[in-house]
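In: With the input below, show me the fold.
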Amino acid sequence: MRDAAQTSSPVTHDAADLPSAPLFGSKSIAEVFTSSAAALGVPGFTNHLQVPASQRICVVLADGLGRNLLKQKASHTPFLRSVLAEGQGNVPQWIDSAFPSTTAASLASLGTGLPAGQHGMVGYDVLDPAQDKVVNLLGNWDSQVDPVEWQPHSTVFERLAEELDVVTVSLPQFGNSPMTQAALRGSRFIGGTTLHARTAAAAEAMSGGGRSLMYFYLNELDKAGHRHGCQSDRWEHQLEELDSAVKRLSSTLPAGTTILLTGDHGMVDVPESQRLDYSADESLVAGVRHTAGEPRMVHLYLEPDATAEHREALLAAWRHRFGERIWAFTRNQAMDAGLFGAVRPEVAPRIGDVMIAARDTLALYDTRRARPASLEVVGQHGSLTKAEREVPLVCFAAAGKKGKRG
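Out: Below is the predicted model:
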């Protein structure tokens, strides 16, 4: 691993020169369930994505599937390539993930129909101001954080439960996980350890007729990307498995079921030489009380007595060290730019005082708190690049079996 002090020469740039905000309210992951609800005829929802009217909709969420990657690897997805060639009406072929482009934020936006500034899942791990402690919002949820208090808004599933059958098909360990309680509560849960088990369970769950919204989750692609990289043979193999699973869904779900395939974020490979320890440079952590986020989207929380001068000095140190390799900006600049959407007062302190987003193949670690295994991660995400934030939206009608008419 290369020390942070060995990186590029100083370059000055405008910290407010940020990419555009996610298209919340029109073309983002927050509109997938809400548009589906409208397409199912449920009052109170708007069909921003112009999903075709249907009795049954199955939303397939492939963790780690970015738009660019699906285009690059089209030779590995013959089924999806064929349905894309047939067209999908007015449904857009891609949407924005949430910001940060990480699973906790995007799945919460999917589940609630809200941007991160409202649902409060503003990173992989973030500051809990009540405890003055960094807490994880994904697989290692803090026991002192109540998921429903952290994310108090009703989910789309909860809003739909009395209108139609709402089903989640996922891995068994996610059935009552804190992440599910926070972001995806309110559905009938069916677990399956393998892709074949999940596709079979999905077909059975939708066979009874009547209106239904199904959420079908796959994480195999993301796991392969983190471990081996999204340009690896292992990742391509999992993409082929994904293509086969979606083909099975098409042939086994009731005929005419609308299938929507999307992702929660994309991914970029970061070589070992570019996984850098920023905590080795004292100027990059001067006056910082907590560090959090992801290696490609770092949250820095200042000491309570920090002044505006302290904050500006920290920004200047990061820009001096990394130049155009990063976006360095403040919480207020992120909020002004709309990156989190409208931000609840309770959520704002969870966001870093200073934020550092990677612009190229760079990953930034605080090795004082990072687990050694995290520095071995190849495929990464979280930042504002198109490769990380743009995800596909593939819409088509299942060809498969006719179910019992309700």
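
In: Residue 184: what's it in contact with?
Out: For residue 184, the contact set (C-beta atoms under 8 Å, 6 or more residues apart in numbering) comprises 107, 110, 111, 155, 157, 168, 215. From N, CA and C alone the C-beta is placed, and that goes for glycine too.

In: quick check, nearest of these to residue 78?
Out: residue 215 (25.2 Å; C-beta to C-beta).

In: That closest one - that's part of a helix, no?
Out: No - Residue 215: not assigned to a helix; according to DSSP: H, G, I helix; E, B strand; the rest coil it is strand.

In: re the thing from before, may I ask which of the contacts of residue 184 has the most neighbours?
Out: residue 111 (30 neighbours; other C-beta atoms under 10 Å).

In: so what pLDDT did that one get?
Out: Residue 111 is assigned a predicted lDDT (pLDDT) of 98.

In: Got phi/psi on the residue lying closest to residue 222 once chain neighbours are set aside?
Out: Nearest residue to residue 222 in three dimensions, chain neighbours excluded: residue 64, at 3.3 Å (C-beta to C-beta, 6 or more residues apart in numbering). Main-chain dihedrals, residue 64, degrees, to the nearest 10: phi 90, psi 10.

In: Show me the shaky parts of this protein.
Out: 1-16, 401-406 (pLDDT under 70).

In: Out of the contacts of residue 184, the closest to residue 350 would be?
Out: Looking across those and measuring by C-beta to C-beta, the closest to residue 350 is residue 107, at 16.8 Å.

In: Pull the contacting residues for that closest one.
Out: With C-beta under 8 Å, 6+ apart, residue 107 has these contacts: 61, 121, 179, 183, 184, 264.

In: Quickly note the distance from the residue nearest to residue 222 to residue 109.
Out: Separation of residue 64 from residue 109 (C-beta to C-beta, to the nearest Å): 16 Å.

In: next one: phi and psi at residue 61?
Out: Dihedral angles (degrees, to the nearest 10) for residue 61: phi -110, psi 110.

In: Can you give me the neighbour number for the closest residue to it other than its chain neighbours?
Out: Nearest non-adjacent residue to residue 61, counting by C-beta to C-beta, 6+ apart: residue 217, 5.1 Å away. Residues near residue 217, counting by other C-beta under 10 Å, number 19.

In: Can you tell me, leaving aside adjacent residues, what's nearest to residue 157?
Out: Nearest one to residue 157, counting by C-beta to C-beta, 6+ apart, is residue 186 at 3.3 Å.

In: Would you mind giving the secondary structure of residue 209?
Out: Secondary structure, three-state DSSP: residue 209 is coil.

In: And for it, the neighbour number?
Out: Residue 209: 15 neighbours (other C-beta under 10 Å).

In: And for the one 3 residues further on?
Out: One way to gauge burial is a neighbour count; for residue 212, by other C-beta under 10 Å, it gives 26.

In: list the contacts for it?
Out: Going by C-beta under 8 Å, 6+ apart, residue 212 touches 55, 56, 57, 164, 165, 166, 167, 205, 206.

In: Is it correct that the fourth one is in contact with residue 208?
Out: No - at 11.9 Å, residue 164 and residue 208 do not qualify as touching, with contact defined as C-beta atoms under 8 Å.

In: ok, now which ones touch residue 93?
Out: 67, 84, 392, 393, 394.

In: From these, pick the one nearest residue 312.
Out: residue 67 (36.2 Å).

In: Who has more neighbours out of residue 164 and residue 208?
Out: Remark: of residue 164 and residue 208, residue 164 carries more neighbours, 18 against 13, as counted by other C-beta under 10 Å.

In: Now do the contacts for the closest residue to residue 103 other than its chain neighbours.
Out: Nearest residue to residue 103, sequence neighbours excluded (C-beta to C-beta, 6+ apart): residue 264, at 5.3 Å. Residues in contact with residue 264 (C-beta under 8 Å, 6+ apart) are 29, 61, 63, 64, 97, 98, 102, 103, 106, 107, 110, 391.

In: Please narrow these to those residing in helices.
Out: Among the contacts of residue 264, the ones falling in helices (DSSP state H) are 103, 106, 107, 110.

In: I'd like these laid out as TSV, including distance to residue 260.
Out: TSV is the format used below for those (distance: C-beta to C-beta, whole Å):
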residue	distance to residue 260
103	18
106	15
107	15
110	11
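
In: ok, so of those, who is nearest residue 381?
Out: Here the nearest of the ones in helices among the contacts of residue 264 to residue 381, counting by C-beta to C-beta, is residue 103; it sits at 8.7 Å.

In: Distance check, the closest one against residue 160.
Out: Going from residue 103 to residue 160 by C-beta to C-beta gives 22 Å.

In: do the same with residue 37
Out: Going from residue 37 to residue 160 by C-beta to C-beta gives 6 Å.

In: hmm, back to that, make JSON lines out of the contacts of residue 212 and add distance to residue 245 and secondary structure.
Out: Compiled in JSON lines, the contacts of residue 212 are given as follows (distance: C-beta to C-beta, whole Å; DSSP: H, G, I helix; E, B strand; the rest coil):
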{"residue": "55", "distance to residue 245": "22", "secondary structure": "coil"}
{"residue": "56", "distance to residue 245": "18", "secondary structure": "strand"}
{"residue": "57", "distance to residue 245": "17", "secondary structure": "strand"}
{"residue": "164", "distance to residue 245": "24", "secondary structure": "coil"}
{"residue": "165", "distance to residue 245": "22", "secondary structure": "strand"}
{"residue": "166", "distance to residue 245": "21", "secondary structure": "strand"}
{"residue": "167", "distance to residue 245": "17", "secondary structure": "strand"}
{"residue": "205", "distance to residue 245": "15", "secondary structure": "helix"}
{"residue": "206", "distance to residue 245": "15", "secondary structure": "coil"}
